[in-house]
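S.K.: no FASTA, just this:
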């Protein structure tokens, strides 16, 4: 007799199948039927948990965004933390190490976001926009504490830094990986330092 799946097991099967299909086929054009067949769940079971494939992708991206923020150090997580020049490199290195775990998926979704409006919407809302908002909040907090430049536009700066980081991580750590997390941190740390603090660290790794 086939064991009846719990709700958590069904969701896990569905999300794992969506990740596998995106990594294999790309992020555009995956159908609910593809997912159900791969996950070996019924149509009723799928729609009991998700409205469509895009809802699954959104949930996956929200989880990755949370993981990135948690791995990127107290500067992002702790509302009472105040940044300094020294935290730029280790925070970026931690982010890059988290990105590597999801590099193929991230690259496939970034590609799909350029051609599929709904993928773009969940890509922005579930990941990029969330990271921009968290970074902007940290910038505002540090401006209030007098730790970083007061003349910065928090939202615009956060958007520029996040999008630049997304492109560099895509290039170095995505589907056609040609670099390491340390390369990402070495490239991006001076950019963050110059943008936020108006200076460039003498050493790529200030730690």
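M.R.: The structure has been received and is ready for your questions. Please read all numbers here as calculations on a predicted model, not as lab measurements. Residues are numbered from 1 along each chain as shown.

S.K.: From residue 123, how far off is residue 135?
M.R.: Distance of residue 135 to residue 123, given as Cβ to Cβ, to the nearest Å: 17 Å. (Glycine included, C-beta is placed from N, CA and C.)

S.K.: scratch that, residue 71 is what I was asking about
M.R.: Counting by Cβ to Cβ - residue 71 and residue 123 are separated by 20 Å.

S.K.: neighbour count winner among these two?
M.R.: residue 123 (23 against 18; other Cβ atoms under 10 Å).

S.K.: right, and that one touches residue 110 too?
M.R.: Yes - taking contacts as Cβ atoms under 8 Å, residue 123 lies within contact range of residue 110: 7.1 Å.

S.K.: just for the protein, where's the confidence low?
M.R.: Filtered on pLDDT under 70, the chain yields the residue ranges 1-3, 73-74, 77-80, 200-207.

S.K.: Show me the helices in it, by range?
M.R.: Applying DSSP state H to the chain gives helices spanning 7-25, 32-39, 43-49, 53-71, 74-77, 88-101, 103-113, 117-123, 129-144, 154-173, 181-197.

S.K.: Quick one: list the elements packing against the second one.
M.R.: Right, helix 32-39. helix 7-25, helix 43-49, helix 53-71 (3 or more Cβ pairs under 8 Å, 6 or more residues apart in numbering; DSSP states H and E).

S.K.: cutoff 6 Å now
M.R.: helix 7-25 (3 or more Cβ pairs under 6 Å, 6 or more residues apart in numbering; DSSP states H and E).

S.K.: tilt between the helix it packs on and helix 32-39?
M.R.: 110 degrees (axes from the mean of the first three to the mean of the last three Cα atoms, to 10 degrees).

S.K.: what helices or strands is helix 7-25 leaning on?
M.R.: Checking 3+ Cβ pairs under 6 Å, 6+ apart, helix 7-25 ends up next to helix 32-39, helix 53-71, helix 103-113.

S.K.: Right, I'll leave it there.
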